[in-house]
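[1] Quick one, fold the following:
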Amino acid sequence: MNWDIIVKEFISLWVVIDPIGSIPVFIAVTAGLQASMQRKIAVKACAFAAVILLFFLVLGQLLLEQLSISLDAFQIAGGIVLFLFALTMIFGDSKPDEEKKQIQGNVGHLAVFPLAVPSLASPGAMLSVVMLTDNHRFSLEEQIITALVMLSIILITLILFFLAAPIQRVIGNAGASIISRVMGLILASVAVDNILKAITAYFGLG
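    I've put the predicted structure just below:
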């Protein structure tokens, strides 16, 4: 796997995991808590998200094959879902605004919901890791590299959560909203590209 592919995978996963867009959610979830509790929630949220995404990376395609669903069909369906998800990022509520509405008061569950799911391990992220580790197209080594790329993004997210307060002061809610919409546009392009590639593969086009 060359560096161009690694960079492309990093960008694709960065967009769907959206660490920057999750910062306002994390700040709202942990508002009023002690710094030690905030760090604990950050670690748990990132750990849960990593486990969920690794599960789909390792077993996602196997589950599809057991259901007799081709990866091309899943890639087209996933591309459509990703495209619709991207439209909500561009035209609907921004990711921070939408997910702040889902915040619950139970601190014990905050790391799981809404931080790990759906903020980090979003449906788009789950679909992306399955499509980026197609057993018929990628070797075990390439899939391991994809897993490491995904885990590196989760690690960066954890670092950003630790730095959430100063980052929020710099970009503000408006800045996070703008970034979320720009990422939505990038995600829409990635979704269309996935659909075109799946159609090309299915019909055996050049």
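[2] pLDDT weak spots in the protein?
    Low-confidence segments of the chain, defined by pLDDT under 70: 1, 92-108, 206.
[3] Repeat the analysis, applying 50 as the threshold.
    104 (pLDDT under 50).
[4] Okay, helices next: where are they in it?
    3-17, 19-29, 35-66, 71-91, 95-100, 107-110, 123-131, 140-162, 164-202 (DSSP state H).
[5] Out of these, which gets nearest to Ala116?
    With CB to CB as the measure, helix 35-66 is the member of the helices of the chain nearest Ala116 (3.7 Å). Placement of C-beta: from N, CA and C, glycine included.
[6] If you count neighbours, what's buried in the closest one?
    38, 41-42, 44-46, 48-50, 52-54, 56-57, 60-61 (16 or more other CB atoms under 10 Å).
[7] Quick one: the helices of the chain as TSV, columns for distance to Val117 too.
    Output for those, formatted as TSV (distance: least, CB to CB, whole Å):
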stretch	distance to Val117
helix 3-17	12
helix 19-29	12
helix 35-66	7
helix 71-91	14
helix 95-100	10
helix 107-110	11
helix 123-131	9
helix 140-162	13
helix 164-202	18
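[8] that older thread, looking at the buried residues of helix 35-66, spot the one nearest Ala125.
    For these, the nearest to Ala125 is Leu53 (6.0 Å; CB to CB).
[9] what's that closest one in contact with, if anything?
    Ala121, Ala125, Met126, Val129, Met150, Ile154 (CB atoms under 8 Å, 6 or more residues apart in numbering).
[10] Would you agree the fourth one is in contact with Gly60?
    In other words, Val129. Yes: Val129 lies in contact with Gly60 (CB atoms under 8 Å); the separation is 6.9 Å.
[11] Could you tell me how many residues sit around the nearest residue to Ile171 once chain neighbours are set aside?
    Nearest non-adjacent residue to Ile171, counting by CB to CB, 6 or more residues apart in numbering: Ile179, 7.2 Å away. Ile179 has 18 neighbours, counted by other CB atoms under 10 Å.
[12] check contacts around Met131.
    Leu71, Phe74, Gln75, Gly78, Asn194.
[13] Could you measure from the third one over to Leu148?
    Distance of Gln75 to Leu148, computed by CB to CB, to the nearest Å: 22 Å.
[14] which of the two has more neighbours?
    Gln75 (22 against 11).
[15] How many residues are close by Gln34?
    Count around Gln34 with other CB under 10 Å applied: 9.
[16] Now it: phi and psi?
    phi -70, psi 150 (degrees, to the nearest 10).
[17] Kindly report the same for Gly204.
    phi 60, psi 30.
[18] again, but for Phe138
    With angles defined as degrees, to the nearest 10, Phe138 sits at phi -120, psi 140.
[19] Now do the contacts for it.
    Phe138 neighbours (CB under 8 Å, 6+ apart): Leu132, Thr146.
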